[in-house]
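A.B. asks: what would the 3D arrangement of this be:
(chains A and B)
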Protein chains: 2
Amino acid sequence: MKARVFITLKKGVLDPQGKAILGALRSLGFDEVRDVRTGKLIELELEGSSRDEAEKRIEGMCERLLSNPVVEDYRIEVD
Amino acid sequence: MKARVFITLKKGVLDPQGKAILGALRSLGFDEVRDVRTGKLIELELEGSSRDEAEKRIEGMCERLLSNPVVEDYRIEVD
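C.D. replies: Alright, predicted model coming up:
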């Protein structure tokens, strides 16, 4: 089973990397870009066949290792 | 307009960060995890209203700045 975890900074948390990308895009002529926020994508390959069970387990992984719940949100997608 | 760019390592490119996460998940008891690959998520906020035009512009951003086409693939999602 394949799953994807999207980890993004919570609203209000500063994102210097995003600001740097924004500046670089603008200097390349991409003036239509208003804001850039960076995040992480984690692709998992899992044994097991129950989608619900996998989702629950991945939530555990996010809480315990993959995300920092103080400053980050996560979203899980299971195929 | 909002858009998301998903940047992933090409198949066959080593991902030491993914391997480290895999090891950490296993040591936490998540034995069902077989493989982990890491990538980047870039959220863009853009001016303009044409979805097609935005997608074309974002392709340019990926080729010129956001991704390294030698080792990375990208996928674009425009809302």
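A.B. asks: distance of the spatially closest residue to residue A:26 that is not a sequence neighbour relative to residue B:74?
C.D. replies: In space, and not counting its chain neighbours, residue A:26 is closest to residue A:33: 6.6 Å by Cβ to Cβ, 6 or more residues apart in numbering or on different chains. (C-beta placed from N, C-alpha, C; glycine too.) Distance of residue A:33 to residue B:74, given as Cβ to Cβ, to the nearest Å: 16 Å.
A.B. asks: just residue A:16 next, same as before
C.D. replies: Using Cβ to Cβ, residue A:16 is found at 22 Å from residue B:74.
A.B. asks: and residue A:46, by the same measure?
C.D. replies: Taking Cβ to Cβ as the measure, residue A:46 falls 24 Å from residue B:74.
A.B. asks: could you do residue A:26 as well?
C.D. replies: Using Cβ to Cβ, residue A:26 is found at 20 Å from residue B:74.
A.B. asks: these two: which has the busier surroundings?
C.D. replies: Between residue A:26 and residue B:74, residue B:74 has the larger neighbour count (other Cβ atoms under 10 Å in any protein chain shown), namely 20 against 14.
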